[in-house]
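1. Pasted the sequence and its predicted model underneath.
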Amino acid sequence: MQGEGTEVNGRKQRWAAHREQRRVELIQAAIAAVLEHGPEVDMEQVAATAGVSKPVLYRYFADKSQLWIAVGQHLAGVVVNAVAPAVEQVREERTLIEATIDAYLGVIEAEPNLYRFVMHQSGIPGVHQLIVGASREVAVELARVIGDRLRALGLDAGPAEPWAYGLVGFVQSVGDWWMQHGRPIRREALTDYLTELLWSGFDGLRRRADLPLEIRTMR
């Protein structure tokens, strides 16, 4: 009896592993279809790219939204994996801002069709939550690093979190404008513009930290 149970469990595990592998392959096919056909891609084009029929897709994804969410998860992971290391590696405040901006803009510039596709699907609750979740993950990491910088300056680290969330939201908003208008400014120039604009906030904190305590208290 025990041997039969072990064999049944083994078959279940192999089937689950096979199903998960197949699901990943179909997600990759959906990503390839988006890159080929653009943000208006449909399930028929995904099926054709995967070399399967539409009913096969629906064996692995309950509906179109579920597959689109999986594609969104991929892009969210790419964004986090690009921005988080950039934030962690730098030690100067201005460079921190520049690295965050450039890493984000670099991802959406490298994957314009995928970016437009995900934003086009942002009305789907699951996709919206993914976008919010990725932004939150980046902001939390950025807040930790900014907090360390503020403490090193002898300042209260309390503003780190709202400052980080504000920076992420600002850059996202500008990035949306940039993509929707066909990237009218070179990424390097836009990064420089935004860095100069946002740097004034942190630079102001640095100058404040240089003031004697009694003067800071009076202001």
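-> Received it, and whenever you're ready, just let me know what you need.
2. does Phe117 really touch Pro39, like I thought?
-> Yes: with contact defined as Cβ atoms under 8 Å, Phe117 reaches Pro39; the gap is 4.0 Å. Placement of C-beta: from N, CA and C, glycine included.
3. More neighbours: the two, which one.
-> Taking neighbours as other Cβ atoms under 10 Å, Phe117 and Pro39 compare with Phe117 leading, 25 against 15.
4. how far away is the more buried one from Gly38?
-> As for Phe117, its distance to Gly38 is 8 Å (criterion: Cβ to Cβ, to the nearest Å).
5. ditto for Gly133
-> When distance is defined by Cβ to Cβ, Gly133 is 25 Å away from Gly38.
6. Could you tell me the end-to-end distance of stretch 41-57?
-> Length of stretch 41-57, first residue to last, Cα to Cα, to the nearest Å: 15 Å.
7. List the buried residues in it.
-> Going by neighbour count (16 or more other Cβ atoms under 10 Å), the buried part of stretch 41-57 is Val41, Met43, Gln45, Val46, Ala47, Ala48, Thr49, Ala50, Val52, Leu57.
8. Quick one: mean pLDDT for that stretch?
-> Along stretch 41-57, the predicted confidence averages to a pLDDT of 93.
9. Over to stretch 193-212?
-> 66.
10. So in this structure, where's the weakest helix or strand by average pLDDT?
-> Comparing every helix and strand of the chain by mean pLDDT, DSSP states H and E singles out helix 213-218 as the least confident one, with a mean of 40.
11. For this protein, which residues score under the pLDDT cut-off?
-> Scanning the chain with the threshold set as pLDDT under 70 gives 1-12, 15, 201-219.
12. swap the cut-off to 50 and go again
-> Where the chain drops to pLDDT under 50, the residues are 210-219.
13. Please enumerate residues in contact with stretch 105-112?
-> Around stretch 105-112, the neighbours that count as contacts under Cβ atoms under 8 Å, 6 or more residues apart in numbering are 35, 75, 78-79, 82-83, 115, 171, 175, 178-179, 183, 187, 190-191.
14. now do stretch 119-126
-> Defining contact as Cβ under 8 Å, 6+ apart, one finds that stretch 119-126 is touched by Pro39, Glu40, Ser65, Gln66, Trp68, Ile69, Gly72, Val127, His128, Ile131, Asp176, Met179.
15. What of stretch 31-50?
-> Identification of contacts with stretch 31-50 by Cβ under 8 Å, 6+ apart yields 25-26, 29-30, 53-54, 56-57, 64, 67, 71, 74, 111, 113-114, 116-117, 119-120.
16. so of these, which ones are in helices?
-> With DSSP state H as the criterion, helices contain 25-26, 29-30, 54, 56-57, 64, 67, 71, 74, 113-114, 116-117, 119-120 from among the contacts of stretch 31-50.
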